[in-house]
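Engineer: one predicted model, sequence on top.
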Amino acid sequence: MLLANRNAVIHGAGGALGSATAHAFARAGARVFLAGRTGAKVTAVADAIRAAGGLAEGAQVDALDSEAVERHADAVARQAGRIDIALNAVGLAHVQGTPLADLSLADFEFPVATAVRTNFITAKAAARHMAPQGSGVILTLSTPGARLPGPGYLGNCVASAAIEAMSRHLAGELGSQGVRVVCIRPHAIPQAAAAGSHTREVFGPMAERAGLTIDRMLAGAADGTLLKRLPTLDQFANTAVFLASDHAGAITGTVANLSCGFLVD
């Protein structure tokens, strides 16, 4: 198993991407410590993983609360002995599709400030334990918005670009201490919308203004990729497994582009 004997902390574990990755990590042999703001969702994911034979524990943790995240990381390290993998899969409901002339400062600032804050908090908590042990993998998430010129995606664009820049910087700072940092940049995932992620809340108003259903809007997004399709939850989760494993031991300071060719690096 690619992640045998690894301990993984996943923030946002109750969401579509976080829960899918938690299941994939557990199938790959990792012991997963799930954290999320909604305790019932995290508990349900942990219960499902254990029912399938995996090792999982859940905790209600607000990933915007630095003290709570630090306490949780310390508790995991005491219980498991070390933290090998940390993933921030926290989803944010935010405004998209509004042009600059109509965009409020609050709606612009929210995804930027929130995304940067939570990734700083969770990365710092994990790095405090990884650096002394001389190994570890920190995984972050962005979106194709990091590279889009607009219009209507300003908050998402700046937030995603900031996460990618933070990931590169952290890779440079932590690399000499044996810690790898990789950002994953998936396009919209239709299964995530169906599973109740923030995708529906974010894209819903945009689809309504265009006179489309969300499913039709996502189908149009698929048509705009080189592969004429969008990534799946399994593809996202299995990519995270690979990046967290020793098979990806030479990969750090970069962005894994899961856009199906919507963006070409």
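Structural biologist: Sure thing, it's come through.
Engineer: which residues touch residue 231?
Structural biologist: Contact partners of residue 231, counting by C-beta atoms under 8 Å, 6 or more residues apart in numbering, are 186-187, 189, 258-260. Using the backbone N, CA and C atoms, a C-beta is placed for each residue, glycine as well.
Engineer: now with 7 Å, please.
Structural biologist: Residue 231 is in contact with 186-187, 189, 258, 260, counting by C-beta atoms under 7 Å, 6 or more residues apart in numbering.
Engineer: so which of these sit within strands?
Structural biologist: Among the contacts of residue 231, the ones falling in strands (DSSP state E) are 186, 258.
Engineer: now render the contacts of residue 231 as TSV, adding distance to residue 236, pLDDT and neighbour count.
Structural biologist: Output for these, formatted as TSV (distance: C-beta to C-beta, whole Å; pLDDT from 0 to 100; neighbours: other C-beta atoms under 10 Å):
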residue	distance to residue 236	pLDDT	neighbour count
186	5	97	23
187	10	94	24
189	6	92	23
258	6	98	21
260	11	97	21
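Engineer: ok, which pair from the contacts of residue 231 is furthest apart?
Structural biologist: For those, the farthest-apart pair by C-beta to C-beta is 189 and 260; their separation is 10.3 Å.
Engineer: what sits in contact with each of these two?
Structural biologist: Common contact partners of residue 189 and residue 260 (C-beta under 7 Å, 6+ apart): 230-231.
Engineer: can you pull the contacts of residue 66?
Structural biologist: So residue 66 contacts residue 121 (C-beta under 7 Å, 6+ apart).
Engineer: helix or strand for residue 161, just tell me which one.
Structural biologist: helix 154-174 (DSSP states H and E).
Engineer: quick one: that helix to chain centroid distance?
Structural biologist: Offset of helix 154-174 from its chain centre (C-alpha atoms, centre = their mean, to the nearest Å): 13 Å.
Engineer: for stretch 176-187, same thing?
Structural biologist: Worked out by C-alpha atoms, centre = their mean, stretch 176-187 lies 11 Å from the chain centre.
Engineer: and for stretch 243-260?
Structural biologist: Using C-alpha atoms, centre = their mean, the offset of stretch 243-260 from its chain centre is 13 Å.
Engineer: and what of stretch 8-18?
Structural biologist: That offset, for stretch 8-18, works out to 8 Å (C-alpha atoms, centre = their mean).
Engineer: other residues contacting it?
Structural biologist: With C-beta under 7 Å, 6+ apart as the test, stretch 8-18 has contacts from 19, 21-22, 25, 30, 32-36, 38, 41-42, 45, 61, 63, 73, 76, 83-91, 122, 126, 192, 195-197, 233, 236.
Engineer: please indicate which of the residues you listed are buried?
Structural biologist: Those of the contacts of stretch 8-18 that meet the buried threshold are 19, 21-22, 25, 30, 32-36, 41-42, 45, 61, 63, 73, 76, 83-91, 122, 126, 192, 195, 197, 233, 236, by 16 or more other C-beta atoms under 10 Å.
Engineer: just the strands in the stretch 1-150 of the chain please.
Structural biologist: Per DSSP state E, counting those that start in this stretch, the stretch 1-150 of the chain carries strands over the ranges 7-11, 31-36, 55-60, 85-88, 136-141.
Engineer: just the pLDDT for residue 10.
Structural biologist: Looking at residue 10, its pLDDT reads 98.
Engineer: so how far is residue 222 from it?
Structural biologist: Distance of residue 10 to residue 222, given as C-beta to C-beta, to the nearest Å: 27 Å.
Engineer: these two: which has the busier surroundings?
Structural biologist: residue 10 (32 against 17; other C-beta atoms under 10 Å).
Engineer: which residues of this structure fall in helices?
Structural biologist: For the chain, the helices defined by DSSP state H occupy 16-27, 39-51, 66-80, 105-133, 154-174, 190-194, 198-209, 214-223, 233-244.
Engineer: relative to strand 136-141, how tilted is the longest one?
Structural biologist: Helix 105-133 runs at 170 degrees relative to strand 136-141, counting by axes from the mean of the first three to the mean of the last three C-alpha atoms, to 10 degrees.
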